[in-house]
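>>> coordinates only, sequence not included:
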């Protein structure tokens, strides 16, 4: 079902508002994790598990707790840190940043924008019975 003109305007307004919020853009920016970072994180989790097992076999509670802490810290570090586009690397402002929000993408060569292509795919899937 195609969107009404009002719904399309509201959707465009929401997209513009989301694109202009620098805090949201920074929070949602995700880079690809580096292989070395993930390797060290997995190594830390395995080492922590080894310490937990050693603590369990020797019945030293403090050693088991320390191993669990190492495992937890390595897992959190592996999940949250290590993006290649990390916030620690400050990027220099571009000329396009000062000009304001980025221009809206134009329609493709066939004259249909994103929503037109989505609607067309939906119609085709519905007609084929793959919905």
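On my side now, so go ahead. The structure presented is a predicted model; accordingly, all values stated were derived computationally and were not measured. Numbers count the residues shown, from 1 in each chain.
>>> For residue 59, see how far away residue 48 is.
In this view, residue 48 and residue 59 are 18 Å apart by Cβ to Cβ, to the nearest Å. Bear in mind the C-beta positions are built from the backbone N, C-alpha and C, glycine included.
>>> cool, and residue 74?
Distance from residue 74 to residue 59, by Cβ to Cβ: 24 Å.
>>> These two: which is more packed in?
Per other Cβ atoms under 10 Å, whichever of residue 74 and residue 59 has more neighbours is residue 74, with 20 against 8.
>>> What is the helix or strand containing the more buried one packed up against?
Assessed by DSSP states H and E, residue 74 sits inside helix 61-80. Helix 61-80 is packed against helix 35-58, with contacts defined by 3 or more Cβ pairs under 8 Å, 6 or more residues apart in numbering; DSSP states H and E.
>>> Compute the inter-axis angle for the helix it packs on and helix 61-80.
160 degrees (axes from the mean of the first three to the mean of the last three Cα atoms, to 10 degrees).
>>> in helix 35-58, what's buried?
By neighbour count on 16 or more other Cβ atoms under 10 Å, the buried set for helix 35-58 is 37, 41, 44, 45, 48, 51, 52, 55.
>>> which residues make contact with the helix holding residue 74 from outside it?
For helix 61-80, contacts defined as Cβ atoms under 8 Å, 6 or more residues apart in numbering pick out 33, 37-38, 40-45, 47-56.
>>> Can you tell me, leaving aside adjacent residues, what's nearest to residue 119?
Here the nearest residue to residue 119 in space, its sequence neighbours aside, is residue 2; by Cβ to Cβ, 6 or more residues apart in numbering that works out to 5.9 Å.
>>> give me the number of residues near that neighbour?
The number of residues packed around residue 2, counting by other Cβ under 10 Å, is 11.
>>> backbone phi and psi for it, please?
Residue 2 adopts backbone torsions of phi -70, psi 150, taken as degrees, to the nearest 10.
>>> Relative to residue 122, how far out is it?
Between residue 2 and residue 122 the distance is 10 Å, computed by Cβ to Cβ.
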